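Student: Okay, sequence plus prediction incoming.
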Amino acid sequence: MKLSESEIKDRLSDLTDCVILHILSFLNTKDAVQTCILSPRYKDLWKRVPALVLHSTDFQTYKKFTKFVSKVLSLRDSSISLQTLDFKRDVGRLNPDILKMIVEYVVSHNVQRLGLFVVGGIAQIPPIMFSCQTITHLKLCIYNKGGHETVFPKSFNLSALTSLQLQNVEFCVGNNDRAEPFSTFNKLNSLLISNCTVSASKILCISNSTLVSLTMYNKFIDHKNYTIELSTPSLCTFSFTGNPMKLYGKDVSSLKHVDIYANANPYQKEPPLFLFSWLLEFPNIKSLTVSDSTLQVP
């Protein structure tokens, strides 16, 4: 049966601008901008989207990407709060002027959720980003030339930070052969560390009184390993994936849930005892998930 014109209805047009903007916030920004051709109503809607997702892989050339980024930041409605900015340039170096533009926009528009994935080293990031008082969620992945880790900054004053994800960074140790980079984050609730190292393979002290969830990924072989020391009285959940390392629970009295997906070292002659030693550090846990590779089940 053929529908009459009155029965054929554009249901999207019945939605309020607020709902449409919420939908557009789940798209990458390139696709969100392209909705401007749908109808006159959509012409300027993208300028009010509260999230920007800017990934260079969405463009054929780097030149087109940088031109698009500049245009979007200049044309966006600055009266609308920008809640989220996710920027990714993971192939080739990034023009420092573009990164400066991104960071200045983040700081001046009170961005709360920031994702940065770039190549070139952490020193290229303008220092103002590390003292931004509005960032609550930060994902930071910066690959140095040749794939080496980039040094984690000593000055890191993000007072509102509740969630932190770090990938491929190196923590510097102090005079006591320990790195303690998270003790100053007074609101930190969730921490994810992926493929990070400690200079001279010393001790990484994760010391934080508010941390509830800790996730670690470690792909490195033994000579890149370091010792983990947990001083986290509020920690409830700990998840570890990768090659095991030494771990001490200085203060893990609240830890209840542990997930371990550790890889067996094929070059190790004797069965590893790390699982037993780890469990001795977690006397109060109520649930434990362990992968078959951790148990070395054939």
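Tutor: Looks like it came in fine. Numbers count the residues shown, from 1 in each chain.
Student: Counting neighbours, what do you get for the closest residue to E180 other than its chain neighbours?
Tutor: Computed as C-beta to C-beta, 6 or more residues apart in numbering, the closest residue to E180 that is not its neighbour in sequence is C205, at 4.4 Å. (C-beta placed from N, C-alpha, C; glycine too.) Neighbour count of C205, defined by other C-beta atoms under 10 Å: 24.
Student: now swap in H109 and tell me
Tutor: A count of nearby residues for H109, using other C-beta under 10 Å, gives 17.
Student: Please apply the same query to the one 3 residues further on.
Tutor: Residue crowding around Q112 was assessed by other C-beta under 10 Å; the count is 19.
Student: distance of it from I135?
Tutor: Look at Q112 and I135: by C-beta to C-beta, to the nearest Å, they are 6 Å apart.
Student: any shared contact partners between those two?
Tutor: A160 (C-beta atoms under 8 Å, 6 or more residues apart in numbering).
Student: in what helix or strand does the residue nearest to E180 lie?
Tutor: Element membership of C205, judged by DSSP states H and E, is strand 203-207.
Student: next one: D31
Tutor: Assigned by DSSP H and E, D31 belongs to helix 29-34.
Student: Flag every buried residue along that helix.
Tutor: T29, K30, A32, V33 (16 or more other C-beta atoms under 10 Å).
Student: Report all helices and strands that it contacts.
Tutor: If you count contacts as 3 or more C-beta pairs under 8 Å, 6 or more residues apart in numbering; DSSP states H and E, helix 29-34 packs onto strand 51-55, helix 62-75.
Student: can you tell which of these is closest to N243?
Tutor: strand 51-55 (29.9 Å; C-beta to C-beta).
Student: what pairs with the closest one, and is each one parallel or antiparallel?
Tutor: strand 84-89 (parallel) (DSSP bridges).
Student: still on that earlier bit, and the strand holding C205, what's buried?
Tutor: I203, L204, C205, I206, S207.
Student: ok, and what's touching that strand?
Tutor: The contact list for strand 203-207 (C-beta under 8 Å, 6+ apart) reads 171, 173, 177-180, 182-183, 191, 196, 198, 214, 226-232.
Student: Same check on stretch 87-97?
Tutor: Residues outside stretch 87-97 that contact it (C-beta under 8 Å, 6+ apart) are 52, 54-57, 62, 65-66, 102, 115-120, 124, 143.
Student: what helix or strand is the spatially closest residue to P126 that is not a sequence neighbour on?
Tutor: Leaving aside its sequence neighbours, P126 sits nearest to V103 (C-beta to C-beta, 6+ apart; 4.7 Å). V103 is located in helix 96-108, with elements delineated by DSSP H and E.
Student: Can you give me the distance of the residue nearest to E180 to Q133?
Tutor: Taken as C-beta to C-beta, the span from C205 to Q133 is 26 Å.
Student: Does Y143 touch E170 like I think?
Tutor: No: Y143 lies out of contact with E170 (C-beta atoms under 8 Å); the separation is 12.0 Å.
Student: Tell me what angle the helix holding V103 forms with strand 84-89.
Tutor: For helix 96-108 against strand 84-89, the angle by axes from the mean of the first three to the mean of the last three C-alpha atoms, to 10 degrees is 170 degrees.
Student: With just CA atoms, put the very next helix or strand once past helix 96-108 into PDB.
Tutor: Using DSSP H and E, the helix or strand that follows helix 96-108 in sequence is strand 113-119. The C-alpha trace of strand 113-119 is given here as PDB (Å, rounded to 0.1, in the frame of the first residue of the first chain):
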ATOM      1  CA  ARG A 113      37.100  16.000  28.300                       C
ATOM      2  CA  LEU A 114      40.300  16.100  26.300                       C
ATOM      3  CA  GLY A 115      41.900  13.400  24.200                       C
ATOM      4  CA  LEU A 116      45.300  14.100  22.500                       C
ATOM      5  CA  PHE A 117      47.000  11.500  20.300                       C
ATOM      6  CA  VAL A 118      49.900  12.900  18.400                       C
ATOM      7  CA  VAL A 119      53.500  12.100  17.300                       C
END
